[in-house]
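Asker: here's my sequence, what's the structure:
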Amino acid sequence: QVQLVESGGGLVQAGGSLRLSCAASGRTASAVAMGWFCQAPGKERRFVAVISPSGNFKSYVDSVKGRFTISRDNAKNTVYLQMNSLKPEDTAVYYCAAGRWGQNPADFDSWGQGTQVTVSS
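Answerer: Below is the predicted model:
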C-alpha cells in the first residue's frame, strides 16, 4: 500500500483559490493512479479528479471542469489539486487516494486522512 498525507485545506471566500497537496510514500507511489474525492457532512464520498501514473491522462467530475486542475510530480511523490473559482458548494473534506484508474472509491485502496476545505459566501 501507499501512505498518503494531504495538506493545503483551509477557509477561503467564494471566488478564491486553494492548492491541495498529497505526499505519497511507498515503493509503488509513482506507479499508481491518484485521485481526489470529497465528502460533505451527511453525504457520500464523491469523485473529484483522477490522474494516471504518468500524468498524461486526467479526468474530472463535470462540476469542477475548468476550475480545478490535478497534477503530479513523481520526482517528489506528490499530487496536487489546484482549486480556482471556489464556490460554497465545494465545501467538504477532500481526500487523496491511490489505486487504479477510475472514478469509484472502490478503485482506490489507499487513502489519506483528509483536509477540510471551507468556502464562505
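
Asker: going forward, measure contacts between C-alpha atoms and count neighbours the same way
Answerer: Will do.

Asker: please enumerate the strands of this structure.
Answerer: 3-7, 10-13, 18-25, 33-39, 46-51, 58-60, 68-73, 78-83, 92-99, 108-111, 115-120 (DSSP state E).

Asker: pull the distance from the fourth one to the chain's centre.
Answerer: The chain centre lies 4 Å from the centre of strand 33-39; the measure is C-alpha atoms, centre = their mean, to the nearest Å.

Asker: what's the angle from that strand to strand 92-99?
Answerer: With axes from the mean of the first three to the mean of the last three C-alpha atoms, to 10 degrees as the basis, strand 33-39 and strand 92-99 are set at 150 degrees to each other.

Asker: sheet-wise, list the partners of strand 33-39 with their directions.
Answerer: Strand pairing for strand 33-39, determined by DSSP bridges: strand 46-51 (antiparallel), strand 92-99 (antiparallel).

Asker: now that strand - C-alpha only, CSV.
Answerer: Extracted in CSV, the C-alpha atoms of strand 33-39 (Å, rounded to 0.1, in the frame of the first residue of the first chain):
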residue,chain,number,x,y,z
ALA,A,33,-3.2,6.3,-10.4
MET,A,34,-4.0,9.1,-7.9
GLY,A,35,-7.4,10.6,-7.2
TRP,A,36,-9.1,13.3,-5.2
PHE,A,37,-12.5,12.7,-3.6
CYS,A,38,-14.6,14.9,-1.4
GLN,A,39,-17.2,14.3,1.3
